[in-house]
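In: Sequence and predicted structure, then a few things I'm wondering about:
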Amino acid sequence: MAKEKNIDLKSVKGSGDNGRITKNDIENHTPNINEPIVSSSTQNKVVNVVSGNESFEDIENSQMRKAIARRLKESKFTAPHYYLNVEFDMDNAIAFRKQYNTLPDTKISFNDIVVKACAITLKQHPRVNSQWFEDKMRLNHHVHIGVAVGVPDGLVVPVVKFANEKSLTEIGFEVKDYAKKSKEKNLTPDEMEGSTFTVSNLGMFGIQEFTSIINQPNSAILSVGSIVQKPVIKEDKVQIGNTMKLTLACDHRTVDGVTGSLFLETLKGYIENPVTMLV
């Protein structure tokens, strides 16, 4: 109590037994003018207040950004999206790519393998290669795969047409050419039209798993993550393996859950054993 009142006990005269200082003595004590003031050991700490200025910059939306926003909003709010997640063993694909790239004038990426595998798989699962109209569903017999490419202004999706009929080398060359044209803003409208399915890959940025918005009028889009080394069980033994996660976003109006699952099951066979695509 004496500390709370900043009273020096030495200046208080006790009225209790043997001069003991009581509560009343402290409450009734009147400090002398020369009496020292006792400061509390728990002094208020000084808090530095940071004074900053809020600021912002308005950037006018480009025509490309407006078009992207409009199309993605329409897709998200008109197509009932659902997502299927899988993880593939990439050990054979890594070995296959290494050997394939020993061929003269050949340089394919893992994404090229995914595009080729999707093209073959879509021929076996036409509903995933479909398009929704209010009064009908169109099953496309051709396979045109859009490959999402990020550019400074947003996103473009050039199309590898008749992808199922092209070799891995041809797909690899075409995708690289599209990527170059995208950065130089030299893509033609025809090169960005007519896709029946889309592949989006963020694996090169270390993204392991993500979901995408369907690129209408497609019924599905495949999101491809990075290849990751992790412990896996093979032949009842724990060993280091390479895996890759993929997510299939489907329009439930055209692609039911079983249909999407069967598509991924077939795709798994091709990606985990790419040599089967050459047969």
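Out: Cool, got the structure. What you see is a predicted model; the values in this text were computed from it and never measured.

In: Output the residue ranges of the strands in the protein, listed in chain order.
Out: Here the chain has its strands, by DSSP state E, at 81-89, 130-132, 137-139, 145-147, 149-151, 154-156, 159-160, 197-201, 220-234, 237-251.

In: Go through those and name the closest to E174.
Out: Proximity to E174 (CB to CB) singles out strand 159-160 among these, at 5.5 Å. C-beta here means a position set from N, CA and C on the backbone, and glycine is covered the same way.

In: Parallel or antiparallel, which strands does that closest one pair with?
Out: Next to strand 159-160 in the sheet, as set by DSSP bridges, lie strand 145-147 (antiparallel).

In: Give me the contact list for stretch 50-68.
Out: For stretch 50-68, the surrounding residues in contact (CB atoms under 8 Å, 6 or more residues apart in numbering) are 69, 153-155.

In: Quick one: end-to-end distance for it.
Out: 40 Å (CA to CA, to the nearest Å).

In: pLDDT-wise, which helix or strand of the chain ranks last?
Out: Lowest by mean pLDDT, DSSP states H and E among the helices and strands of the chain is helix 23-27, with a mean of 69.

In: could you dump the strands of the chain to CSV with mean neighbour count and distance to I120?
Out: Output for the strands of the chain, formatted as CSV (neighbours: other CB atoms under 10 Å; distance: least, CB to CB, whole Å):
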stretch, mean neighbour count, distance to I120
strand 81-89, 16, 15
strand 130-132, 19, 17
strand 137-139, 13, 17
strand 145-147, 26, 11
strand 149-151, 16, 22
strand 154-156, 17, 25
strand 159-160, 24, 13
strand 197-201, 24, 12
strand 220-234, 18, 13
strand 237-251, 18, 16
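
In: Could you dump those strands into a markdown table with distance to P274 and mean pLDDT added?
Out: Below are the strands of the chain laid out as a markdown table (distance: least, CB to CB, whole Å; pLDDT from 0 to 100):
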| stretch | distance to P274 | mean pLDDT |
| --- | --- | --- |
| strand 81-89 | 11 | 98 |
| strand 130-132 | 26 | 95 |
| strand 137-139 | 27 | 96 |
| strand 145-147 | 16 | 97 |
| strand 149-151 | 23 | 92 |
| strand 154-156 | 27 | 91 |
| strand 159-160 | 17 | 98 |
| strand 197-201 | 15 | 98 |
| strand 220-234 | 14 | 96 |
| strand 237-251 | 13 | 97 |
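
In: Any chance of a markdown table for these, columns distance to S109?
Out: What follows is these, written out as a markdown table (distance: least, CB to CB, whole Å):
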| stretch | distance to S109 |
| --- | --- |
| strand 81-89 | 16 |
| strand 130-132 | 28 |
| strand 137-139 | 30 |
| strand 145-147 | 11 |
| strand 149-151 | 13 |
| strand 154-156 | 18 |
| strand 159-160 | 13 |
| strand 197-201 | 9 |
| strand 220-234 | 11 |
| strand 237-251 | 13 |
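
In: With adjacent residues omitted, what lies nearest to the residue most central in space within the chain?
Out: Taking CA atoms, centre = their mean, the centroid of the chain lies closest to F210, which sits 3.9 Å from it. Spatial nearest neighbour of F210, excluding adjacent residues (CB to CB, 6 or more residues apart in numbering): S223 at 5.2 Å.

In: And the one you found, how far from N186?
Out: Taking CB to CB, to the nearest Å as the measure, S223 falls 27 Å from N186.

In: With T254 instead?
Out: Per CB to CB, T254 is found 34 Å from N186.

In: more neighbours, the two?
Out: For T254 versus N186, neighbours defined as other CB atoms under 10 Å are more numerous around T254 (21 against 11).

In: That one: what's it in contact with?
Out: 127, 130-132, 137, 219.

In: Reformat these as a markdown table; add distance to N53.
Out: Below are those laid out as a markdown table (distance: CB to CB, whole Å):
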| residue | distance to N53 |
| --- | --- |
| R127 | 56 |
| S130 | 54 |
| Q131 | 52 |
| W132 | 51 |
| M137 | 57 |
| S219 | 50 |
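
In: Tell me where the model's unsure across the protein.
Out: Counting by pLDDT under 70, the chain contains low-confidence residues at 1-14, 16-19, 21, 25-26, 28-45.

In: Domains in it, by residue range?
Out: Split into domains by automatic domain parsing, the chain comes to 1-56, 80-278.
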